[in-house]
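Undergrad: Build me a model from this:
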Amino acid sequence: MVTPKRKSLYERLRIGLEEGIAHAKGELNLKTVEVPQAPPEIDANMLATLREQSEMSQAVFAGILNVSTKTIQSWEQGLRKPSHASRRLIQVFSERPEVVCQVAGLSAVKLQEVKIVPTKKGGRKFVIRRPKNGRKDSESV
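TA: Next up, the predicted model:
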């Protein structure tokens, strides 16, 4: 297999500038690309709370996320962290659990007080509020 020769820096800059000028004159329509935000961070306690709030066993939750029960256990124990793909699916599940459950062939669950909030470092994280000792008061987990 022959690898095509890469154009020189000069050539790439020249082409880029010509395209920029053509676009400014309205002669060229350039694609606009919007990069999605990274999925929110989730720690071991948040993940366990999310699963418990959905009233699912580790095995059922693993089935929804298409990972092994051992993987869920290691996430909840803080030994490993979910991949970006898993975090995105966890985000979808937290925001639209009925859709994920329907796709997985399960009855819909309802989640309460699950939010995604910005962090100081510019990322996002899950915050789940749950009743303290069965009362209506809530505390951040």
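Undergrad: Which parts of the chain are strands?
TA: Ranges of strands within the chain are 114-118, 124-131, 138-140, based on DSSP state E.
Undergrad: shouldn't A44 be in contact with W75?
TA: Yes - contact status for A44 versus W75: in contact at 6.4 Å, counting by C-beta atoms under 8 Å. In short, each C-beta sits where N, CA and C put it, glycine included.
Undergrad: Between these two, which is the more surrounded one?
TA: Neighbour totals were compared for A44 and W75, and W75 leads with 25 against 15 (other C-beta atoms under 10 Å).
Undergrad: List of residues touching whichever helix in the chain runs longest?
TA: Assignment by DSSP state H gives helix 9-24 as the longest helix of the chain. Helix 9-24 is contacted by residues K7, L28, N29, L30 when judged by C-beta atoms under 8 Å, 6 or more residues apart in numbering.
Undergrad: same check, this time on stretch 95-114
TA: Stretch 95-114 is contacted by residues 50, 53-56, 60, 63-64, 89, 92-94, 116, 126-130, 138 when judged by C-beta under 8 Å, 6+ apart.
Undergrad: Just the buried residues from the residues you listed, in PyMOL please.
TA: One line in PyMOL is enough to select the buried members of those, burial here meaning 16 or more other C-beta atoms under 10 Å:
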select buried, resi 50+53+54+56+60+63+64+89+93+94+116+126+128
